[in-house]
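Visitor: sequence and predicted model, in that order:
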Amino acid sequence: DQQVKQNSPSLSVQEGRISILNCDYTNSMFDYFLWYKKYPAEGPTFLISISSIKDKNEDGRFTVFLNKSAKHLSLHIVPSQPGDSAVYFCAASGNAGNMLTFGGGTRLMVKP
Amino acid sequence: GAVVSQHPSRVICKSGTSVKIECRSLDFQATTMFWYRQFPKQSLMLMATSNEGSKATYEQGVEKDKFLINHASLTLSTLTVTSAHPEDSSFYICSAVASGRGWPEAFFGQGTRLTVV
């Protein structure tokens, strides 16, 4: 049973436009959410996070929105750049020991 | 940001041999480290949770005797793949959680590409 789901395996966006990556979760005990960016053959890089007490967190071109009632979060990248092309994972935490549960990832392709 | 160093980045070994992968937190103490495995075009699968000074907690389906985890200090955890088989070929990634922070920011190593021939 996947507790964190990213239903879109891939997304293609034109440079300069907005990229919106979505993530849904089922475990109501999750209270902290993170987004990671991953290039092939490299470890994930932390991008941005949000706690359940907030509904929005912004860091430069990246904004994460959290809708607790819908158990949904999204990552907005604007403007999108070709260097943003990577696989993006959302992750959730709420278990003891700070264990992260990852979604399946969404491959973002930003076309010049 | 915090740095987690994973070594080696690539390793090729023969079937039946053992391979050790190291994960070090370079500028912070990590009471908890995690080991993940990633199959091609798939998500990160948590293999085990490693706590300093105690036995690792393995996820269901992960063989404890095959994937030996040691977390001997607050900055080092090792994963040893014993009696490696070709199906063990994968990308292994460690992550470390910085102690004392208010939120669970996990920092990842660069990953290790294991190829068993």
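Guide: Nice, I can see it. Residues are numbered from 1 along each chain as shown, chains lettered A, B, ... in the order given.
Visitor: and the strands in the chain?
Guide: Unless you meant another one, I'm taking chain A. A:4-5, A:10-14, A:19-25, A:32-38, A:45-51, A:56-59, A:62-67, A:72-77, A:86-93, A:101-102, A:106-111 (DSSP state E).
Visitor: hmm, I had chain B in mind actually
Guide: Assigned by DSSP E, the strands in chain B fall at B:4-7, B:10-13, B:19-25, B:32-38, B:44-51, B:57-58, B:67-73, B:76-81, B:90-97, B:106-108, B:112-116.
Visitor: quick one: find the helix or strand in chain B with the lowest mean pLDDT.
Guide: strand B:106-108 (a mean of 82; mean pLDDT, DSSP states H and E).
Visitor: low-confidence ranges in the chain?
Guide: If you meant another chain, say so; for now it's chain A. Low-confidence segments of chain A, defined by pLDDT under 70: A:1, A:95-98.
Visitor: wrong chain, I was asking about chain B
Guide: B:1-2, B:99-105.
Visitor: what parts of it come near chain A?
Guide: Neighbours of chain A within chain B, by Cβ under 8 Å from any Cβ of the partner chain: B:1, B:4, B:6, B:32, B:34, B:42-44, B:46, B:49, B:51, B:91, B:93, B:95, B:97, B:103-111, B:113. C-beta here means a position set from N, CA and C on the backbone, and glycine is covered the same way.
Visitor: rerun at 6 Å
Guide: Residues of chain B lying near chain A by Cβ under 6 Å from any Cβ of the partner chain: B:32, B:43-44, B:49, B:93, B:97, B:103-104, B:106, B:108-111.
Visitor: turn those residues into JSON lines, columns for neighbour count.
Guide: Listed next are the residues of chain B next to chain A as JSON lines, based on neighbours: other Cβ atoms under 10 Å in any protein chain shown:
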{"residue": "B:32", "neighbour count": "22"}
{"residue": "B:43", "neighbour count": "20"}
{"residue": "B:44", "neighbour count": "27"}
{"residue": "B:49", "neighbour count": "20"}
{"residue": "B:93", "neighbour count": "26"}
{"residue": "B:97", "neighbour count": "24"}
{"residue": "B:103", "neighbour count": "14"}
{"residue": "B:104", "neighbour count": "20"}
{"residue": "B:106", "neighbour count": "24"}
{"residue": "B:108", "neighbour count": "22"}
{"residue": "B:109", "neighbour count": "28"}
{"residue": "B:110", "neighbour count": "16"}
{"residue": "B:111", "neighbour count": "23"}
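Visitor: out of the strands of chain B, nearest to residue A:62?
Guide: strand B:106-108 (17.6 Å; Cβ to Cβ).
Visitor: what does that closest one rub up against?
Guide: A:43, A:44, A:100, B:2, B:4, B:93, B:95, B:96, B:97 (Cβ atoms under 6 Å, 6 or more residues apart in numbering or on different chains).
Visitor: stretch B:21-40 too?
Guide: Contact with stretch B:21-40 is made by A:97, B:2-7, B:44-52, B:74-79, B:90-99, B:109, B:112, as judged by Cβ under 6 Å, 6+ apart.
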